[in-house]
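Visitor: The following block contains a protein sequence and its predicted model.
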Amino acid sequence: MPQPITTSPSQIAIDLSTGQSVNVRQMRWPQARVFLHRLSALGGQLGSSMGSLAGEINLAEVGRSVIQRLPELIATSTEMSELLVAGCVAEISDGKLKLEDLSVSDFARLLDASVSVTLTPETMLTFGAVSAPS
């Protein structure tokens, strides 16, 4: 089993354009469970669209490629991006800060930090190991 890689911080402080400072931390399991459920639905859609090509492609390679591209896939999905940021920023989870009150640049910085703390190299390796066929 690969050794854990811990190059990403577990928390990142972000100063918003409003002057407020928030901490972005790795999503907690209850929120992550909802996030992963929606992510698996997105993956299911991708898989079913590729089902007709199954004989022509290596599905294990496709799976590895999808895992490597998770940050990009999440960033291009509004629902997934908002779910990730809301799960990583306690002030949003607690209702003290609303997504709709964020500027575009603040949301983009929060999304970048949320991806960094949640999809760490260690987590990506673990997802890859769990999803690999036995």
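Guide: Everything's here; your move. The model shown is predicted, which means the values in this text are computed figures rather than measured ones.
Visitor: Give me the below-cutoff pLDDT ranges for the protein.
Guide: For the chain, applying pLDDT under 70 flags the ranges 1-9, 43-67, 124, 127-134.
Visitor: all helices for it, in order.
Guide: 29-50, 59-68, 70-75, 78-88, 90-93, 104-118, 121-131 (DSSP state H).
Visitor: Mind checking those for the one nearest to Q20?
Guide: For the helices of the chain, proximity to Q20 was assessed by CB to CB; helix 90-93 is nearest, at 7.9 Å. Placement of C-beta: from N, CA and C, glycine included.
Visitor: Show me what the closest one is packed against.
Guide: In terms of contacts (3 or more CB pairs under 8 Å, 6 or more residues apart in numbering; DSSP states H and E), helix 90-93 is packed against strand 21-25, helix 78-88.
Visitor: re earlier: kindly reformat the helices of the chain as a markdown table containing distance to T18 and mean neighbour count.
Guide: Shown next, in a markdown table, are the helices of the chain (distance: least, CB to CB, whole Å; neighbours: other CB atoms under 10 Å):
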| stretch | distance to T18 | mean neighbour count |
| --- | --- | --- |
| helix 29-50 | 24 | 13 |
| helix 59-68 | 35 | 14 |
| helix 70-75 | 23 | 16 |
| helix 78-88 | 16 | 19 |
| helix 90-93 | 11 | 16 |
| helix 104-118 | 8 | 18 |
| helix 121-131 | 30 | 14 |
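Visitor: Could you point out which of those sits nearest S21?
Guide: So among the helices of the chain, helix 90-93 is nearest, using CB to CB, at 9.7 Å.
Visitor: thinking again about what came up before, between the helices of the chain, which gets nearest to V22?
Guide: helix 90-93 (5.1 Å).
Visitor: No further queries at this time; thank you.
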